[in-house]
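Chemist: coordinates only, no sequence provided:
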């Protein structure tokens with residue numbers, strides 16, 4: 001299997017747009033159009049290599065998770081689809097799994113924290129990297145203490161984690177920070193608990209056309225205040241979903257730097273071989289020196 005490398009690693013809006021206009025992404029866009037035009041209904045499959053499963057599979061693409069209809073066609077949410085029929089991970093989750101594998105395919109033990117515990121990607125990491133110390137958690141409510149185990153699930157609040165300072169080599173966050181009331185505090189906590197030389201890999205719904213982040217909701221004196229119409233994303237431990245507090249724009253990079261990260265890059269990934277379509281999938285790589 002070839003190593004998955006980003007087609008670009010950017011720090012600014014200008015370099016990001018150059019990457020989005022790359023020859024490879026234009027090719028990927030052509031593949032997307034061909035797939036949609038070849039489907040007779042709003043479901044299609046695409047053959048590719050699933051890294052978590054270590055085999056070729058037929059990835060599923062359909063209209064779930066925000067697919068859109070136009071007058072002449074349909075547009076799936078590539079980021080949330082391209083789901084493997086075996087491990088059930090979608091495009092962004094398989095991408096993160098691949099990057100985790102590349103970080104953990106080493107003999108030296110690493111201490112790893114995933115901001116999830118009841119998901120396929122956590123189960124895959126826990127099962128496949130037994131030579132490392134793997135911890136996962138979910139946010140279960142303000143009434144619990146960090147590190148407390150509730151019905152077999154560890155609770156952590158990423159604004160106030162129970163880990164000691166300089167304890168972790170790798171943090172993995174899949175679409176978490178947009179649901180945190182105070183993301184600046186959460187970024188600072190992540191920098192605190194990482195060792196020098198540690199890294200955080202994070203996916204975040206990113207509004208790359210916006211210079212400034214938009215606060216959709218906030219908590220003041222313990223009370224929730226909606227500034228914009230409430231938006232919710234899926235939550236593996238709650239049928240009510242998770243409220244979105246922030247739509248992140250480019251100023252999030254400065255916020256991450258102020259939190260204590262010394263090197264921050266947005267990596268852009270695209271690969272027909274691994275089934276990573278959708279105009280470039282983004283992963284934030286935050287290093288602590």
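Modeler: Received, thanks. Because the structure is a prediction, the values reported are computed rather than measured.

Chemist: quick check, central residue of this protein?
Modeler: residue 203 (2.5 Å; C-alpha atoms, centre = their mean).

Chemist: partners of that one in the sheet?
Modeler: residue 174 (DSSP bridges).

Chemist: I'd say it and residue 173 touch.
Modeler: Yes. Between residue 203 and residue 173 there is a contact under C-beta atoms under 8 Å: 7.2 Å. To be clear about C-beta, it is placed using only N, CA and C from the backbone, and glycine gets the same treatment.

Chemist: so what secondary structure elements neighbour the strand ranked longest in the chain?
Modeler: Assignment by DSSP state E gives strand 276-287 as the longest strand of the chain. Strand 276-287 sits against helix 13-20, helix 23-38, helix 91-104, strand 194-203, strand 263-271, with contacts defined as 3 or more C-beta pairs under 8 Å, 6 or more residues apart in numbering; DSSP states H and E.

Chemist: about what we covered before: pLDDT score for the residue nearest to the centre of the chain?
Modeler: Residue 203 is assigned 98 on the pLDDT scale.

Chemist: could you measure from it over to residue 224?
Modeler: According to C-beta to C-beta, to the nearest Å, residue 203 and residue 224 sit 25 Å apart.

Chemist: what angle do the longest strand of the chain and strand 194-203 make?
Modeler: 160 degrees (axes from the mean of the first three to the mean of the last three C-alpha atoms, to 10 degrees).

Chemist: avg pLDDT for strand 276-287?
Modeler: Mean predicted confidence for strand 276-287 is 97.

Chemist: pull up the pairing partners for that strand, direction included.
Modeler: In its sheet, and by DSSP bridges, strand 276-287 pairs with strand 194-203 (antiparallel), strand 263-271 (antiparallel).

Chemist: export those to JSON lines and tack on distance to residue 185?
Modeler: Shown next, in JSON lines, are these (distance: least, C-beta to C-beta, whole Å):
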{"stretch": "strand 194-203", "distance to residue 185": "15"}
{"stretch": "strand 263-271", "distance to residue 185": "17"}
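
Chemist: out of the ones you listed, which comes closest to residue 92?
Modeler: Nearest to residue 92, of all the strands paired with strand 276-287, is strand 194-203, at 5.3 Å by C-beta to C-beta.

Chemist: the closest one: what's the following helix or strand?
Modeler: Using DSSP states H and E, the helix or strand that follows strand 194-203 in sequence is strand 214-215.

Chemist: what packs against that following strand?
Modeler: strand 246-247.

Chemist: and the helix or strand just after the strand it packs on, what's buried?
Modeler: Per DSSP H and E, the first helix or strand lying C-terminal to strand 246-247 is helix 252-259. Buried residues in helix 252-259, counted by 16 or more other C-beta atoms under 10 Å: 252-253, 255-256, 259.

Chemist: output the lowest mean pLDDT helix or strand found in this structure.
Modeler: Least confident helix or strand of the chain, by mean pLDDT, DSSP states H and E, is strand 238-243 with a mean of 80.

Chemist: so what strands line up beside that strand?
Modeler: Checking strand 238-243 against DSSP bridges gives partners strand 232-235 (antiparallel).

Chemist: mean confidence for the partner strand?
Modeler: 85.

Chemist: next: stretch 216-228.
Modeler: Mean predicted confidence for stretch 216-228 is 94.

Chemist: could you do stretch 135-152 as well?
Modeler: Rounded mean pLDDT across stretch 135-152 is 95.

Chemist: which residues touch residue 164?
Modeler: By C-beta atoms under 8 Å, 6 or more residues apart in numbering, residue 164 lies in contact with residue 193.
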